[in-house]
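Novice: The following comprises the amino acid sequence and a computationally predicted model.
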Amino acid sequence: MNENISSLVIYNASAGSGKTTTLIREILKIIIGSEPADEKKIRSILGMTFTNAVANELKKRLIEVLYNSISNPQKFEAYKNVYFKDLNLDENILKDRCKKALQHILHHYSDLSLLTIDSFSNRVLRSFAYELQYPIAYEIAPEQNEYLNKIIEDYISNIDENEVKTIVEFIKAQKEEDTFNIKILKTSWQKGDPEWAKKVKEYSRLKYGVDKVRVEEEIYERLRN
């Protein structure tokens, strides 16, 4: 954030009203409009959006404005009243700062943090993977079904035939009572079978992050058959 900004500014606008243009103008103020000029201030900017399309559009627009400002005099004239209207800078100085900012972005593209909310969250998680006890090389899977099937297969492979009937009857009873929750299994069977309780505890964690209810339903259907 620009240290000269002392208050929160909210732009409330509908689709097609120029939000992207406004955001690019504010980013340019920070990168090339501050004193003393320092193109490395791009590192202090964090822009988050809901979709990759919008994030990519912001990056594309920013680079286009910087590039055209130093290579296309006609577009530069148009930009002065759109992106640089709040900057009281000599044209030569403005172009020189645009050039330096563009060079920095192209050589240090990762400094340009215009990304989706989930990408930002993933970046934070990777930075603290060790502290959170996550695998260093963990992957984000957009499709849950692959991991849903893996959880179910792992779970079923760790129970013997004698347990199947008991599990099915218990889950069926829970479904009928509308209290279908696999966590209850832990306390229900702990006294009679400590190993069973341990298995349920491990299962209930759902380390893969897949929706628990879907897993329970699928386990029930597979074991019932």
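Specialist: Received it, and whenever you're ready, just let me know what you need. Quantities reported herein were computed from a predicted structural model and do not represent experimental measurements.

Novice: Run a quick neighbour tally on residue 12.
Specialist: 6 (other C-beta atoms under 10 Å). To be clear about C-beta, it is placed using only N, CA and C from the backbone, and glycine gets the same treatment.

Novice: residues touching residue 122, list them.
Specialist: Residue 122 makes contact with residue 140 under the criterion C-beta atoms under 8 Å, 6 or more residues apart in numbering.

Novice: ok, residue 157 to residue 167 distance?
Specialist: 14 Å (C-beta to C-beta, to the nearest Å).

Novice: who touches both of these two?
Specialist: Counting by C-beta under 8 Å, 6+ apart, residue 157 and residue 167 have no common neighbour.

Novice: Please compare the two by neighbour count and tell me which comes out ahead.
Specialist: Between residue 157 and residue 167, counted using other C-beta under 10 Å, the more crowded position is residue 167 (21 against 7).

Novice: list the contacts for residue 69?
Specialist: 75, 76, 79, 94, 95, 98.

Novice: State the three-state secondary structure for residue 70.
Specialist: Secondary structure state of residue 70, per DSSP: H, G, I helix; E, B strand; the rest coil, is helix.

Novice: Is it correct that it is in contact with residue 100?
Specialist: No - using C-beta atoms under 8 Å as the test, residue 70 is too far from residue 100 to be in contact (9.8 Å).

Novice: In stretch 76-85, which residues are buried?
Specialist: 76, 79, 83, 84 (16 or more other C-beta atoms under 10 Å).

Novice: Give me the mean pLDDT for the strand or helix carrying residue 114.
Specialist: Assessed by DSSP states H and E, residue 114 sits inside strand 113-116. For strand 113-116, the mean per-residue pLDDT is 90.

Novice: What segments of the protein are helices?
Specialist: For the chain, helices defined by DSSP state H occupy the ranges 19-32, 52-71, 73-80, 91-107, 117-127, 145-157, 161-176, 184-189, 194-205, 212-224.

Novice: Out of those, which one sits most buried?
Specialist: Of all these, helix 19-32 has the most neighbours on average by mean count of other C-beta atoms under 10 Å, namely a mean of 19.

Novice: Please parse this structure into its domains.
Specialist: 19-127, 145-224 (automatic domain parsing).

Novice: Which one of those domains has the poorest average confidence?
Specialist: Among these, domain 145-224 scores lowest, with a mean of 60.

Novice: I'd like to know how many residues surround the nearest residue to residue 46 once chain neighbours are set aside.
Specialist: Residue nearest to residue 46 in three dimensions, not counting chain neighbours: residue 113, with 4.9 Å by C-beta to C-beta, 6 or more residues apart in numbering. Neighbours of residue 113 under the rule other C-beta under 10 Å: 17.
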